[in-house]
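*Asks:* How does the following fold in three dimensions:
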Amino acid sequence: MNLPIEKLQQLSTPYYYYDTDLLVATLAEVKSHLTSDFHVHYAVKANANPTILRHICKAGLGCDCVSGGEIEACLRAGFSADKIVYAGVGKADWEINLGLDAGIFCFNCESTEELAIINELAAAKNKVARVALRINPNVGAHTHANITTGLAENKFGIAMEDMEQVIGLCEAASHIEFVGLHFHIGSQILEMDDFVALCHRINELQDRLEARGISVANLNVGGGLGIDYEQPQQHPVPNFRDYFATYRQHLKLRPGQQLHFELGRAIVGQCGALLTRVLYIKNARVKKFCIVDAGMTDLIRPALYGALHQISNLTSDEPQEVYDVVGPICESSDVFATNYALATAHRGDMLALLSAGAYGEIMASQYNCRMLPKGYCTEDL
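*Replies:* Residues are numbered from 1 along each chain as shown. Sure thing, here's the model as predicted:
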């Protein structure tokens with residue numbers, strides 16, 4: 001990631017900076033592994049910055065949305081409605097109607113109750129809603145418990161045991177078109193064996209359906225590919241080669257079947273950084289605190305997941321000292337790192353929290369009546 005320090009120092013902190021040159025290079029790498037039967041829908045929940053969305057749209061990707069607001073943001077950014085998929089366990093009526101009116105590619109449906117409402121709302125508009133059923137594959141992933149989504153105890157998806165029954169409900173509904181199956185096992189996954197396990201489970205389910213004469217036009221395997229938070233500068237682009245190769249090798253696609261992916265973090269994670277300034281160096285009895293003007297309101301991942309972002313002091317080349325890097329929020333969980341070695345910091349130094357392009361700005365809040373952080377891109381400077 002390129003950080004133009006002189007320009008960045010002129011902006012009021014805290015804020016997000018996005019290296020869109022790196023984003024464009026990442027998108028090019030993604031596209032180099034796609035074929036006519038592989039399609040990527042960018043997971044908008046990772047980052048909905050308008051400039052970021054426009055770059056992704058220009059690259060020709062679709063989008064994966066989990067709210068009506070995300071659908072609206074994608075339409076404003078220029079995405080074609082027929083490249084939008086809409087997931088989520090709690091779709092409100094207005095959001096479903098928005099998708100129907102826009103003519104999105106499909107709804108990833110997560111329950112029989114939701115299916116009935118989609119059919120009802122589509123009937124009121126004399127439309128047919130394209131639906132892919134999200135099946136919970138009961139496949140675990142080597143990641144944080146809060147971002148594991150494919151286990152039976154998770155709130156997501158329809159149980160495998162009910163799959164044929166719900167497909168039957170789709171076929172019986174007058175305003176529903178069954179177009180595929182959707183899966184997602186979690187996020188920040190770095191072990192390809194997790195995706196291999198998903199492939200094997202999908203192969204089993206497809207064999208089961210074929211034995212009953214049921215064909216599936218589209219398979220959606222979600223996303224989940226992680227990024228290197230420990231060495232972001234050494235690995236600015238994730239391992240897309242092995243990721244896509246895993247599905248080519250282990251997933252048994254049928255002739256003409258289309259495979260869809262929903263990558264978010266892997267596309268935008270490494271192109272973003274949270275920039276913050278040092279307010280105080282507090283020498284306590286037991287440790288030294290580096291208190292900065294960014295807090296958990298700006299980047300909640302460390303407080304929510306215990307996530308570690310590499311921190312760089314952009315304005316000091318002095319020997320390293322060990323700090324707890326903390327924010328100004330009135331919560332003990334407002335900590336970015338503990339016992340962290342950092343170039344000796346002074347009041348006014350600018351720090352960068354790297355690998356913050358995903359689930360950073362988009363999850364910011366105004367707790368403590370703080371202002372939301374701004375997001376700047378390369379072309380803004």
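
*Asks:* all strands in the stretch 151-300 of the chain, in order from the N-terminus.
*Replies:* Assigned by DSSP state E, counting those that start in this stretch, the strands in the stretch 151-300 of the chain fall at 158-159, 176-182, 218-220, 258-261, 272-283, 288-292.

*Asks:* OK, contacts around residue 112?
*Replies:* 158, 162, 166, 169 (Cβ atoms under 8 Å, 6 or more residues apart in numbering). For glycine as for every other residue, the C-beta is placed from the backbone atoms N, C-alpha and C.

*Asks:* dump the residue contacts of the residue nearest to residue 235 when sequence neighbours are not counted.
*Replies:* Distances taken as Cβ to Cβ, 6 or more residues apart in numbering put residue 228 closest to residue 235, at 4.0 Å, once the chain neighbours are dropped. Going by Cβ under 8 Å, 6+ apart, residue 228 touches 234-235, 238, 270, 355.

*Asks:* Just checking: what are the partner strands of the worst-scoring helix or strand of the chain on mean pLDDT?
*Replies:* Sorting the helices and strands of the chain by mean pLDDT, DSSP states H and E puts strand 158-159 at the bottom, at a mean of 90. Sheet pairing for strand 158-159, assigned by DSSP bridges, gives strand 129-136 (parallel).

*Asks:* Measure how the partner strand sits relative to strand 176-182, angle-wise.
*Replies:* 30 degrees (axes from the mean of the first three to the mean of the last three Cα atoms, to 10 degrees).

*Asks:* mean confidence for strand 129-136?
*Replies:* Across strand 129-136, the average pLDDT comes to 96.

*Asks:* phi, psi of the residue lying closest to residue 270 once chain neighbours are set aside?
*Replies:* For residue 270, ignoring the flanking residues on the chain, the nearest one in space by Cβ to Cβ, 6+ apart is residue 236 at 4.9 Å. Here is the backbone geometry of residue 236 (degrees, to the nearest 10): phi -70, psi -20.

*Asks:* does residue 236 really touch residue 21, like I thought?
*Replies:* No - in this structure residue 236 lies outside contact range of residue 21 using Cβ atoms under 8 Å: 10.5 Å.

*Asks:* and these two? which has more neighbours close in?
*Replies:* Between residue 236 and residue 21, counted using other Cβ atoms under 10 Å, the more crowded position is residue 236 (20 against 14).

*Asks:* Next one: that one from residue 264, what distance?
*Replies:* Per Cβ to Cβ, to the nearest Å, residue 236 is found 17 Å from residue 264.

*Asks:* And for residue 368?
*Replies:* On the measure of Cβ to Cβ, residue 368 and residue 264 end up 28 Å apart.

*Asks:* quick one, which of the two is more surrounded?
*Replies:* Applying other Cβ under 10 Å to residue 368 and residue 264 shows that residue 264 carries more neighbours, namely 25 against 14.

*Asks:* Low-confidence stretches in the protein?
*Replies:* Residue ranges of the chain with pLDDT under 70: 140-156.

*Asks:* one more time with 50
*Replies:* Scanning the chain for pLDDT under 50 picks out 142-152.

*Asks:* which residue of it sits farthest from its center?
*Replies:* residue 285 (40.6 Å; Cα atoms, centre = their mean).

*Asks:* can you count the residues close to residue 221?
*Replies:* With other Cβ under 10 Å as criterion, residue 221 counts 22.
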